[in-house]
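Undergrad: structure here, sequence nowhere to be found:
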Ligand code: ARG
């Protein structure tokens, strides 16, 4: 609808220019917003305020001329001037109802992608395999998963890349420790974090051990078969730990999505050679660097991207350059989205710039760092266990389910154990995920069990419950949510209109999430939708409606709300429940 209005305004502007009312050649960005207060219409534009000056007119005067020049469109019932010269558009209820009918008849709920379908690489999760996956990787995993699902729903082809850290000096230390331990160290490896700590302790205490570790790194890099076997075995175990977490979280990551740093080992020398042949390399104290003038340190000196150390070793940035080239040339991506901690923002800005200058990526390819803030504890400080250690993801998920179990059992003691466990899983895991997804991606947030498990506010329990309420209407009718319904949507009561207007925005919201990589926009939308459904449900009796056609209309609205909520929660990676 916003596009429709933008187009109408554009036509009015062209007409006014042709008539000489506006100067020729104006090409403003036409802004159209949803209004908060529906008594002032459904959409507003500040176009008359923006163009008043170049037009040499008062905003209200220009607004009047614009209204007179707007083409007639059956989807718009009225246009008013408000305040200093805003244009307020009222949409035609009949046209709105028809759009909802179309959504109801469509498994895709009438949602279309704005623009052509694309191939999108999503770099997500990407833990370091030397250690156990911890809460720091939670955000990347679930935000990346949510955005990936939305892109797929809109018709994009999504290629997930789990760029795990499976290479580097710390592996020498681990291999040296594995060598010392009897090889059936399976039980030790059940606790990767402990294993890492023990190896680190040996490394710090014993110079001989440290020497052996360094030697093993060299052997590993030289492709020694025994080293590679141990290394592979270690990574397999570590990756299977990760996969357990992914399955628990219900994220769409599989072993096939793993493309770790080591996968690019053979390309690194070529990356450096290509940078050299393009004249981009400078040697600085023996290291190979690309200096970028637009990035300067505190002293105003250009910052380098170091691609090879003086000793010959390659770096994180070298691997990322190789990965970008692969994503462009082999995967043929139109976009590559990096869901990585905000603290790596500079790394990505610089690496993207080097890749462009070196033509490692095709000119039309978008490289986007979707940075996210830190997850803190309830005290606002970095998330730690009581004794100051890092919190394991799996422990966190266990606790979430236990708490959800107690909560649900408290409310519904009569539920049987199997169902209780099922609900506890959906609510507990859903709460952890939703709490993360609903925050603005770039801000830090505090992890707080009490808040995320509350039935009030913008939380998973609230939304899952809202969904069960819609489901219960249909259960009482003995009918599933997706069965075709009789009748037509008629928007009469104020609550019906407000709900309908919100429902019609689903596609626009999903397109925004896809474009900006911001799932909190979808959470906010679903929260608003659930709230509007509540007031509709309170004020507009459905099963007790007075006339049959009114009941049919309300059932249709409820069904579309249920499907939209269900689809939205599914796109966020939450499991919905029929009752809870
Ligand atoms: N392994 C890295 C870390 O834990 C994240 C990798 C992100 N992806 C990338 N292409 N650099 O910090």
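TA: Good, I have the coordinates. It should be emphasised that the depicted structure is a prediction, and the values quoted were computed from it without experimental measurement.
Undergrad: the residue in the stretch 201-350 of the chain that the ligand sits nearest to and residue 137, how far apart?
TA: Here the stretch 201-350 of the chain gets closest to the ligand at one residue, residue 340, 4.4 Å apart by C-beta to the nearest ligand atom. Any C-beta I mention is one placed from the backbone N, CA and C, and that applies to glycine too. From residue 340 across to residue 137, the span is 10 Å (C-beta to C-beta, to the nearest Å).
Undergrad: more crowded one of these two?
TA: Neighbours around residue 340 and residue 137, counted as other C-beta atoms under 10 Å, are more numerous at residue 340. The numbers are 23 against 20.
Undergrad: so who does the more buried one touch?
TA: 123, 126, 140, 348, 369-372 (C-beta atoms under 8 Å, 6 or more residues apart in numbering).
Undergrad: where's it relative to residue 217, distance?
TA: Residue 340 is 25 Å from residue 217, by C-beta to C-beta.
Undergrad: phi, psi of residue 129?
TA: For residue 129, the backbone dihedrals (degrees, to the nearest 10) come out as phi -70, psi -20.
Undergrad: show me where this structure has its strands.
TA: 32-34, 43-45, 76-82, 86-91, 119-123, 157-161, 282-284, 287-296, 302-308, 335-338, 366-369, 375-376, 445-446 (DSSP state E).
Undergrad: mind putting those strands into JSON lines with distance to residue 133, mean neighbour count and mean pLDDT?
TA: Shown next, in JSON lines, are the strands of the chain (distance: least, C-beta to C-beta, whole Å; neighbours: other C-beta atoms under 10 Å; pLDDT from 0 to 100):
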{"stretch": "strand 32-34", "distance to residue 133": "40", "mean neighbour count": "15", "mean pLDDT": "90"}
{"stretch": "strand 43-45", "distance to residue 133": "45", "mean neighbour count": "22", "mean pLDDT": "93"}
{"stretch": "strand 76-82", "distance to residue 133": "52", "mean neighbour count": "16", "mean pLDDT": "92"}
{"stretch": "strand 86-91", "distance to residue 133": "48", "mean neighbour count": "22", "mean pLDDT": "93"}
{"stretch": "strand 119-123", "distance to residue 133": "16", "mean neighbour count": "24", "mean pLDDT": "98"}
{"stretch": "strand 157-161", "distance to residue 133": "16", "mean neighbour count": "20", "mean pLDDT": "98"}
{"stretch": "strand 282-284", "distance to residue 133": "36", "mean neighbour count": "12", "mean pLDDT": "95"}
{"stretch": "strand 287-296", "distance to residue 133": "31", "mean neighbour count": "15", "mean pLDDT": "93"}
{"stretch": "strand 302-308", "distance to residue 133": "28", "mean neighbour count": "19", "mean pLDDT": "95"}
{"stretch": "strand 335-338", "distance to residue 133": "18", "mean neighbour count": "24", "mean pLDDT": "98"}
{"stretch": "strand 366-369", "distance to residue 133": "21", "mean neighbour count": "18", "mean pLDDT": "98"}
{"stretch": "strand 375-376", "distance to residue 133": "14", "mean neighbour count": "18", "mean pLDDT": "90"}
{"stretch": "strand 445-446", "distance to residue 133": "19", "mean neighbour count": "16", "mean pLDDT": "91"}
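Undergrad: in the stretch 1-150 of the chain, what residue is nearest the ligand?
TA: residue 126 (3.7 Å).
Undergrad: now for the chain, the helix or strand with the poorest mean pLDDT.
TA: Of all helical and strand segments in the chain, the minimum by mean pLDDT, DSSP states H and E falls on helix 186-189, at a mean of 60.
Undergrad: ok so, going back, out of the strands of the chain, flag the one nearest residue 172.
TA: Residue 172 lies closest, by C-beta to C-beta, to one member of these: strand 302-308, at 19.1 Å.
Undergrad: please list the outside residues in contact with stretch 39-48.
TA: Contacts of stretch 39-48 (C-beta under 8 Å, 6+ apart): 1-2, 5, 9, 13, 28, 30-35, 59-60, 62-63, 66, 78-82, 85-91, 501.
Undergrad: again with stretch 296-307
TA: 271-272, 275, 281-282, 284, 287-293, 295, 314-315, 317-318, 321, 350-351, 354.
Undergrad: the ligand contacts on this protein?
TA: Residues of the chain found near the ligand (C-beta under 6 Å from any ligand atom) are 123, 126-128, 163, 165, 320, 323, 338, 340.
Undergrad: at 5 Å instead, please
TA: Proximity of the chain to the ligand is confined to 123, 126, 163, 165, 340 under the rule C-beta under 5 Å from any ligand atom.
Undergrad: quick one, what contacts the fourth one?
TA: Which is residue 165. 126-130, 260-261 are the contacts of residue 165 under C-beta under 8 Å, 6+ apart.
Undergrad: change it to 6 Å
TA: 128, 261 (C-beta atoms under 6 Å, 6 or more residues apart in numbering).
Undergrad: next: the second one.
TA: Applying C-beta under 6 Å, 6+ apart, we find residue 126 in contact with 162-164.
Undergrad: between these, which is nearest residue 495?
TA: residue 162 (45.2 Å).
Undergrad: ok, what's across the strand from the closest one?
TA: residue 258 (DSSP bridges).
Undergrad: measure residue 194 to the ligand for me?
TA: Separation of residue 194 from the ligand (C-beta to the nearest ligand atom, to the nearest Å): 20 Å.
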